[in-house]
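1. please work out how this folds:
(2 chains)
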Amino acid sequence: SQTIHQWPATLVQPVGSPLSLECTVEGTSNPNLYWYRQAAGRGLQLLFYSVGIGQISSEVPQNLSASRPQDRQFILSSKKLLLSDSGFYLCAWSTGSDYGYTFGSGTRLTVV
Amino acid sequence: AQSVTQLGSHVSVSEGALVLLRCNYSSSVPPYLFWYVQYPNQGLQLLLKYTSAATLVKGINGFEAEFKKSETSFHLTKPSAHMSDAAEYFCAVRAAGTALIFGKGTTLSVSS
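-> Okay, the predicted model is just below:
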């Protein structure tokens, strides 16, 4: 069966520090991968999606970047965090045969 | 382009009462529609999805939703609320080849 792993679960980082959040999927190949951010009262905002290794599409300009170094690995990064980067970050995957997404358990990022 | 509007950011019901969470969508092509549930500090779990088959869709935990093209709606219902239903619910829309677009969410509170 397919599983998605996301870590860490919680993270507290100072302003200006770097960020690396990792997401991996097991049990499927060539998934579409997504990073969403959830801020209080603002729903889920799509940040990045990837349809293949090295292929990244950015939905909104921001202080973050994403990379897909392997088929089932998706990484969200920042060189210097801002207070506004705080939020709940969710990774998700889907395949072309199923239009729904499966979400990871999320990372709660607090920038202080 | 697709969009989703969830009417009511907060809905309160008594245990045993009908649950009705409203969702209206906008899509220039036939949409795929989804309802997700999120418990505190967790990822999103798929409740049900509409993918152009039957217009009345049954999901997990006794929830169902009806696709009404004429009203561009996909409201979520449950005949009898349970305390464990308290959570945040998200409606989402997707067209083939596009990413999932979420509404801002509705928080459901259930009182005894």
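2. going forward, measure contacts between C-alpha atoms and count neighbours the same way
-> Will do.
3. which residue is the nearest non-sequential neighbour of residue 2?
-> No chain specified, so I'll use chain A. Distances taken as CA to CA, 6 or more residues apart in numbering or on different chains place A:G27 nearest to A:Q2, at 4.3 Å, with adjacent residues excluded.
4. nope, chain B please
-> Once flanking residues are discounted, B:Q2 sits nearest to B:S27: 4.5 Å by CA to CA, 6+ apart.
5. need the pLDDT of B:A99.
-> If you check B:A99, the pLDDT there is 81.
6. burial of it, as a residue count?
-> Neighbour count for B:A99, taken as other CA atoms under 10 Å in any protein chain shown: 19.
7. secondary structure class for it?
-> Under DSSP: H, G, I helix; E, B strand; the rest coil, B:A99 falls in the coil class.
8. report the contact partners of it.
-> With contact set as CA atoms under 8 Å, 6 or more residues apart in numbering or on different chains, B:A99 has these partners: A:Y49.
9. for chain A, what are the nearby residues on chain B?
-> Contact residues, chain B versus chain A (CA under 8 Å from any CA of the partner chain): B:32, B:34, B:41-46, B:49, B:94, B:96, B:99-105.
10. how does it look with 10 Å?
-> Residues of chain B lying close to chain A by CA under 10 Å from any CA of the partner chain are B:9, B:32-36, B:41-46, B:48-51, B:90, B:92-106.
11. take those and keep only those in helices.
-> With DSSP state H as the criterion, helices contain none of those.
12. of the residues you listed, buried ones?
-> B:32-36, B:42-46, B:48-51, B:90, B:92-95, B:99-106 (16 or more other CA atoms under 10 Å in any protein chain shown).
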